[in-house]
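Colleague: Okay, sequence plus prediction incoming.
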Amino acid sequence: MTSEILREREFYDALSDCLKERKFAKFESLINESITRDIFIDPKKIPNRFLILNELLIECMQNVSEGYQTSSLGDFIDILRFFNQHGLFERNLTNKELEIAEKYGKDQILIAALIDLCGGASSYFISYLFKDVATLIYNLFINNPSSYFVDAEGFFEYIKSGFFNLYTIYGLSVRYLCPVDQFIKELEPITNFSTKNENQNEKNDNDFVRINLEYRNVYYDYVTEIPREQTEIKTHLVSISNIIRFLFTIIIFLY
């Protein structure tokens with residue numbers, strides 16, 4: 001085996017180690033060094049890069065779902081962004097994966113969000129997100145059931161409607177308000193120059209409207225040992241002008 005081949009293999013092994021240890025700055029330094037040494041780096045030759053990626057993402061999800069470390073949601077995105085920007089998702093796609101990439105690649109708003117968050121939206125990246133990541137999340141929750149829920153259905157309902165609807169990322173608090181059709185229904189009487197609607201939602205003089213939204217919270221009752229549902233009404237102030245500007249931006253983007 002020639003010294004050139006040995007040198008190249010050492011680079012690939014070192015790049016793989018950097019990914020495993022999340023030494024992303026060192027990874028980039030090695031890439032730059034390979035250029036000066038006239039070594040062409042093919043991402044497909046980096047050993048175990050998808051296995052390493054999966055393990056890194058699973059660790060982030062465990063930190064969130066088990067340790068309630070919501071900052072790991074930011075780490076989750078940072079890892080995806082790094083792999084995406086360095087072409088590490090490139091691989092041979094199956095027909096099924098190509099279908100997934102084509103299906104979700106038509107969603108222009110989704111693609112814009114991926115470009116904004118992760119620097120690009122290749123077919124490789126889209127396929128990984130909607131096939132591999134979805135499988136990772138499913139397997140993680142199935143193989144690690146929560147002791148607070150009597151069955152998987154109750155746990156998934158909590159993850160869907162509870163946990164991931166209230167978290168902090170990039171310094172912003174994010175919370176699911178309600179389905180779009182309900183939101184529009186609440187706003188429609190107000191935007192039609194009505195001062196009050198049936199739910200006592202009001203408009204004030206500062207371009208904000210006050211709307212009342214109903215929240216459903218599924219929780220585990222330790223006494224009866226069965227999941228229960230709690231409903232509460234919360235009031236929100238919404239800026240009509242911001243909504244109009246946002247909708248106008250979407251229309252411009254789509255057309």
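Modeller: Here it is on my side, so go on.
Colleague: With just CA atoms, put the helix or strand containing I77 into PDB.
Modeller: Taking DSSP states H and E as the criterion, I77 maps to helix 72-85. C-alpha atoms of helix 72-85 as PDB (Å, rounded to 0.1, in the frame of the first residue of the first chain):
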ATOM      1  CA  SER A  72     -30.300  20.200  23.200                       C
ATOM      2  CA  LEU A  73     -32.900  21.100  20.500                       C
ATOM      3  CA  GLY A  74     -30.400  23.800  19.500                       C
ATOM      4  CA  ASP A  75     -27.600  21.300  19.500                       C
ATOM      5  CA  PHE A  76     -29.700  19.000  17.300                       C
ATOM      6  CA  ILE A  77     -30.000  21.700  14.700                       C
ATOM      7  CA  ASP A  78     -26.400  22.700  15.000                       C
ATOM      8  CA  ILE A  79     -25.300  19.100  14.300                       C
ATOM      9  CA  LEU A  80     -27.600  18.800  11.200                       C
ATOM     10  CA  ARG A  81     -26.400  22.200  10.000                       C
ATOM     11  CA  PHE A  82     -22.700  21.100  10.200                       C
ATOM     12  CA  PHE A  83     -23.200  17.800   8.400                       C
ATOM     13  CA  ASN A  84     -25.300  19.500   5.800                       C
ATOM     14  CA  GLN A  85     -22.900  22.400   5.100                       C
END
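Colleague: Output the helix or strand just after that helix as PDB, nothing but the C-alphas.
Modeller: Next helix or strand after helix 72-85 toward the C-terminus (DSSP H and E): helix 95-105. Extracted as PDB, the C-alpha positions of helix 95-105 are listed here (Å, rounded to 0.1, in the frame of the first residue of the first chain):
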ATOM      1  CA  ASN A  95     -36.200   5.000  -5.100                       C
ATOM      2  CA  LYS A  96     -38.200   5.400  -1.900                       C
ATOM      3  CA  GLU A  97     -35.800   8.000  -0.600                       C
ATOM      4  CA  LEU A  98     -36.000   9.900  -3.900                       C
ATOM      5  CA  GLU A  99     -39.800   9.900  -3.700                       C
ATOM      6  CA  ILE A 100     -39.600  11.300  -0.100                       C
ATOM      7  CA  ALA A 101     -37.200  14.000  -1.300                       C
ATOM      8  CA  GLU A 102     -39.300  14.900  -4.200                       C
ATOM      9  CA  LYS A 103     -42.500  15.000  -2.100                       C
ATOM     10  CA  TYR A 104     -41.200  17.300   0.600                       C
ATOM     11  CA  GLY A 105     -39.000  19.300  -1.800                       C
END
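Colleague: Buried ones in helix 95-105, by neighbour count?
Modeller: By neighbour count on 16 or more other Cβ atoms under 10 Å, the buried set for helix 95-105 is E97, I100, A101, Y104, G105. C-betas here are computed from N, CA, C, even on glycine.
Colleague: contacting residues for the second one?
Modeller: When you say that, I think you mean I100. I126, S127, F130, K131 (Cβ atoms under 8 Å, 6 or more residues apart in numbering).
Colleague: who are the neighbours in contact with the third one?
Modeller: Applying Cβ under 8 Å, 6+ apart to F130 gives the contacts I100, Y104.
Colleague: so it, which of the three states?
Modeller: Assigned with DSSP: H, G, I helix; E, B strand; the rest coil, F130 falls in the helix class.
Colleague: Just the pLDDT for it.
Modeller: At F130, the pLDDT value in this model is 92.
Colleague: thinking again about what came up before, and the contacts of I100 as JSON lines, adding distance to R37?
Modeller: Converted to JSON lines, the contacts of I100 look like this (distance: Cβ to Cβ, whole Å):
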{"residue": "I126", "distance to R37": "34"}
{"residue": "S127", "distance to R37": "33"}
{"residue": "F130", "distance to R37": "38"}
{"residue": "K131", "distance to R37": "36"}
